[in-house]
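Visitor: Got a predicted structure here, sequence first:
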Amino acid sequence: MARRIVVVGNNCQVAVLSGCLGFLAPDARIASVEPATFPQFESDPRRLLEAVAEAELTVCFPFEAGALGDLTPLRIAEAARLYVPVPTIVFPAFHPDIVYIAHKGGLFGSPMGDYHSALIVYGFARGYSVEEIVSLFRTEVFSRIGYLDGWFTNRDSLLAMSRAHGSNLDRLFAGWMRRGCFMHTINHPKLFVLADLARDALARAEIPARTAACEDYLPDPLSGSVWPVYPEIAARLGVPGSTTFKPPLGGLNFLVDAGRCIELRTMVEGSLAIYAHTPKIAAHCDRVQSWLASAEIRDTLVPVAG
């Protein structure tokens, strides 16, 4: 009889971690539980708790009550035979320019889906041209607004959050950094990151795992959007940099992916075309509002002449 593993959470990393567990432990039956799949338990928390109690291993991301009825990680931990907490990987240090812009319960869109460039939004609010906005992407500006100084703060925040949830990422984090940039965006880790979390969970449960690497055999579902590490930031962090953006698109198609990547100027042009229909978009972005309110920052966030 196949061993059973339950993975519970409320973010896009749940399904990917579940897939990694399924690959690494091919004799296991994996139940991936998030709001989209919760109805398989008839939206009844008691049925999910029964499944957790029967499973050899339960892997749980942090989430708030309400996402899965009245369940919380604590209730799941109390019901589980073996409970392994895993952190949600959010790490903005490689991509500090990314912001979300919420309005009336939803999110404004850009050429990069829900992700926006704070610098482009700022340039739009100031009425700058495409060329002027592109010129904002330089070391002097990045240094003034803190884009070059976020590494230690973001590292400490991720490790502290992980410990608060009951996991210790110190060893895994060090390994990720040795592999360069380990994030596609601020909240989409590369496949090997979630594979490491899956392998670590199996080890803690003493469940045998394949030695093969997930990333050598599986496509990366979270690579649908890729935000570049700007060269000036990359130089500070010791990783390769670029200004090439990969806009989101459903599915994984190599030729389509290759053809839809865009450079910074095109990203600026596409963003301005969208923002033209929402001229007050900057009013909904706290970071941009703080820049606009500071004369000192406004004196730095200016285009390069010529």
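Guide: All right, it came through fine. Numbers count the residues shown, from 1 in each chain.
Visitor: can you pull out the strands in the chain?
Guide: 3-8, 28-33, 57-60, 83-85, 98-99, 102-103, 106-107, 116-117, 244-245, 262-263 (DSSP state E).
Visitor: Give me the buried positions along the second one.
Guide: Yep, that's strand 28-33 we're talking about. Ala28, Ile30, Ala31, Ser32, Val33 (16 or more other Cβ atoms under 10 Å). For glycine as for every other residue, the C-beta is placed from the backbone atoms N, C-alpha and C.
Visitor: Show me which of those is closest to Arg236.
Guide: Ser32 (37.1 Å; Cβ to Cβ).
Visitor: His116 reaches Ser110, doesn't it?
Guide: Yes. Assessed by Cβ atoms under 8 Å, His116 is found in contact with Ser110 at 4.7 Å.
Visitor: intersection of neighbour lists for these two?
Guide: The contact sets of His116 and Ser110 overlap at Ser271 (Cβ atoms under 8 Å, 6 or more residues apart in numbering).
Visitor: the more surrounded of the two?
Guide: A count of neighbours by other Cβ atoms under 10 Å puts His116 above the other of His116 and Ser110, at 26 against 21.
Visitor: wait, what's in contact with that one?
Guide: So His116 contacts Ile98, Val99, Tyr100, Ile101, Phe108, Ser110, Ser271, Cys285 (Cβ under 8 Å, 6+ apart).
Visitor: Please check those and keep the buried ones.
Guide: Ile98, Val99, Ile101, Phe108, Ser110, Ser271, Cys285.
Visitor: which residues sit against the helix or strand bottoming out on mean pLDDT in the chain?
Guide: Ranking every helix and strand in the chain by mean pLDDT, DSSP states H and E puts helix 254-260 at the bottom, with a mean of 81. The contact list for helix 254-260 (Cβ under 8 Å, 6+ apart) reads Lys246, Pro247, Leu249.
Visitor: Kindly recompute the last result at 6 Å.
Guide: Residues outside helix 254-260 that contact it (Cβ atoms under 6 Å, 6 or more residues apart in numbering) are Pro247.
Visitor: go on, stretch 221-235?
Guide: Taking Cβ under 6 Å, 6+ apart as the rule, stretch 221-235 contacts 16, 94-95, 98, 112-113, 139, 142, 147, 181, 184-185, 188, 239, 241-244, 246, 248.
Visitor: can you give me how far it is from the chain middle?
Guide: 11 Å (Cα atoms, centre = their mean, to the nearest Å).
Visitor: Stretch 165-183 too?
Guide: 14 Å.
Visitor: Start and end of it, how far apart?
Guide: 21 Å (Cα to Cα, to the nearest Å).
Visitor: Okay, buried residues for it please.
Guide: His165, Ser167, Leu169, Leu172, Phe173, Trp176, Cys181, Phe182, Met183.
Visitor: and what of stretch 60-69?
Guide: Cys60, Phe61, Pro62, Phe63, Leu68.
Visitor: which one is the second one nearest to, not counting chain neighbours?
Guide: In other words, Phe61. Gly9 (3.0 Å; Cβ to Cβ, 6 or more residues apart in numbering).
Visitor: Please report how far the one you found lies from Pro219.
Guide: Counting by Cβ to Cβ, to the nearest Å, the separation of Gly9 from Pro219 is 21 Å.
Visitor: Please say which of those two ends up with more neighbours.
Guide: More crowded of Gly9 and Pro219, by other Cβ under 10 Å: Gly9, with 24 against 10.
Visitor: wait, isn't that one in contact with Val59?
Guide: No. Using Cβ atoms under 6 Å, Gly9 is not in contact with Val59; the gap is 8.5 Å.
Visitor: Same list, the contacts of His116, but as a markdown table with distance to Tyr128 please.
Guide: Formatted as a markdown table, the contacts of His116 follow (distance: Cβ to Cβ, whole Å):
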| residue | distance to Tyr128 |
| --- | --- |
| Ile98 | 20 |
| Val99 | 17 |
| Tyr100 | 22 |
| Ile101 | 18 |
| Phe108 | 19 |
| Ser110 | 16 |
| Ser271 | 12 |
| Cys285 | 16 |
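Visitor: which ones among those residues are found in helices?
Guide: Applying DSSP state H to those, the entries found in helices are Ser271.
Visitor: so which of the contacts of His116 would you say is closest to Thr211?
Guide: The nearest one, if we look at those relative to Thr211 and count by Cβ to Cβ, is Ile98, at 35.3 Å.
Visitor: for the closest one, what are its contacts?
Guide: So Ile98 contacts Tyr115, Ile186, Trp227 (Cβ under 6 Å, 6+ apart).
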